[in-house]
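Student: fold the following for me, if possible:
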Amino acid sequence: MSDMTPIGQPLLEVRNLSKNFGPVQALKDLTMTVRAGEVVALAGDNGAGKTTLIKAISGVYQPSGGEILLKGKPVSFNSPQEARDTGIETIYQDLALADNLSIGANIFLGREPMRRAFGFLPVLDRAKMAEAAKSTMALLDFHVSRLDAPVSNFSGGQRQAVAIGRAVYWNAQILIMDEPTAALGVPEQRKVIQLIHQLKAQGRGVIFISHNLQDIFAVSDRIVVLRRGVQAGERKISETTHDEVVKLMIGG
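Tutor: Numbering: from 1, shown residues only. Okay, the predicted model is just below:
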């Protein structure tokens, strides 16, 4: 973890970012910063530009204008894999987990560790996968009864933990979380909020997209409100209210 940015220092800076789809401008001159150890919430109605923004940051879309800086250096990504390789990990609602596999196998999905049996035969390094599952879940202070069970056995909150664990194992510095508490019951929502607090304490930066203002206020340091592709406002959570955020969202 030696390459972690000191807490409070800018990790990710988005400057005057724009994205056009033909004549439609989905994002216009958007500027925001995410610091190490900080959770920045993105709020806005459907069509406000939240998804376009996170896809531009994570390499799905190439911006039409503006720039993205990571630890002070300009970056551009041609694919989500390139963004991942620099430490930007996106956790979408569907989590992209393989239900029939264990936590360790999901952590290494697509990047399975191999060892040589009898000196030459490549086989899956299951011990390494099991150790990764154990150490990663311990780092998140998250406990399940059986680490080797298929993730289909787990609850929604536990599955979210596996997806977060995978990002942490591959040393994500910025985690973009798309509606991580949607479709979860209240106890499970609390678990996910606890996990996000853990990520903060580890000095990572989190972009938290949610329709649930209660969750936003429970975990975020700042909130950026988008409306029709532009930034309608940015507030410190400690200095705003639910009502003010709703007004920014609807343009009241």
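Student: could you list the low-pLDDT ranges of the stretch 101-250 of the chain?
Tutor: Within the stretch 101-250 of the chain, the segments meeting pLDDT under 70 span 111-124.
Student: where along the stretch 1-150 of the chain do the helices fall?
Tutor: Assigned by DSSP state H, counting those that start in this stretch, the stretch 1-150 of the chain shows helices spanning 50-57, 80-85, 103-107, 126-139.
Student: dump these to a markdown table, plus distance to residue 5 and mean neighbour count.
Tutor: Yep, even glycine has a C-beta here, placed from its N, CA and C like the rest. Below are the helices of the stretch 1-150 of the chain laid out as a markdown table (distance: least, C-beta to C-beta, whole Å; neighbours: other C-beta atoms under 10 Å):
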| stretch | distance to residue 5 | mean neighbour count |
| --- | --- | --- |
| helix 50-57 | 16 | 23 |
| helix 80-85 | 17 | 15 |
| helix 103-107 | 23 | 25 |
| helix 126-139 | 18 | 17 |
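Student: for residue 235, find the nearest of those.
Tutor: helix 50-57 (16.2 Å; C-beta to C-beta).
Student: can you point out the buried residues in the helix or strand encompassing residue 193?
Tutor: Residue 193 belongs to helix 186-201 when elements are defined using DSSP states H and E. Under the neighbour-count criterion of 16 or more other C-beta atoms under 10 Å, helix 186-201 has 188, 189, 191, 192, 193, 195, 196, 198, 199, 200 buried.
Student: can you name the element that comes right after that helix?
Tutor: With DSSP H and E, the next secondary element past helix 186-201 is strand 205-209.
Student: which residues sit against the helix holding residue 193?
Tutor: The contact list for helix 186-201 (C-beta atoms under 8 Å, 6 or more residues apart in numbering) reads 37-39, 139-142, 155-158, 160-161, 164, 168, 175, 177, 180-181, 184, 206, 208, 212, 215, 218-219.
Student: now do the contacts for the spatially closest residue to residue 59 that is not a sequence neighbour.
Tutor: In space, and not counting its chain neighbours, residue 59 is closest to residue 77: 3.3 Å by C-beta to C-beta, 6 or more residues apart in numbering. Contacts for residue 77 (C-beta under 8 Å, 6+ apart) come out as 58, 59, 62, 83, 86, 88.
Student: narrow those to just the buried residues.
Tutor: The neighbour count (16+ other C-beta under 10 Å) marks 58, 59, 83, 88 as buried among the contacts of residue 77.
Student: can I get those in TSV including distance to residue 12?
Tutor: Shown next, in TSV, are these (distance: C-beta to C-beta, whole Å):
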residue	distance to residue 12
58	11
59	13
83	11
88	7
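Student: among the residues you listed, which lie within strands?
Tutor: Of these, the ones assigned to strands by DSSP state E are residue 88.
Student: need the contact list for the residue lying closest to residue 20 once chain neighbours are set aside.
Tutor: Counting by C-beta to C-beta, 6+ apart, residue 64 is the residue found nearest to residue 20 once chain neighbours are left out, at 4.5 Å. Taking C-beta under 8 Å, 6+ apart, we find residue 64 in contact with 18, 19, 20.
Student: okay, and the beta partners of the last one?
Tutor: The residues listed as beta-bridge partners of residue 20 by DSSP bridges are residue 25.
Student: so it is in contact with residue 52, correct?
Tutor: No - look at residue 20 against residue 52 with C-beta atoms under 8 Å: they stay out of range, at 10.0 Å.
Student: got any residues that touch both of the two?
Tutor: Counting by C-beta under 8 Å, 6+ apart, the residues touching both residue 20 and residue 52 are residue 26.
Student: nearest residue to residue 126 other than its sequence neighbours?
Tutor: In space, residue 126 is closest to residue 104, 7.5 Å off (C-beta to C-beta, 6+ apart).
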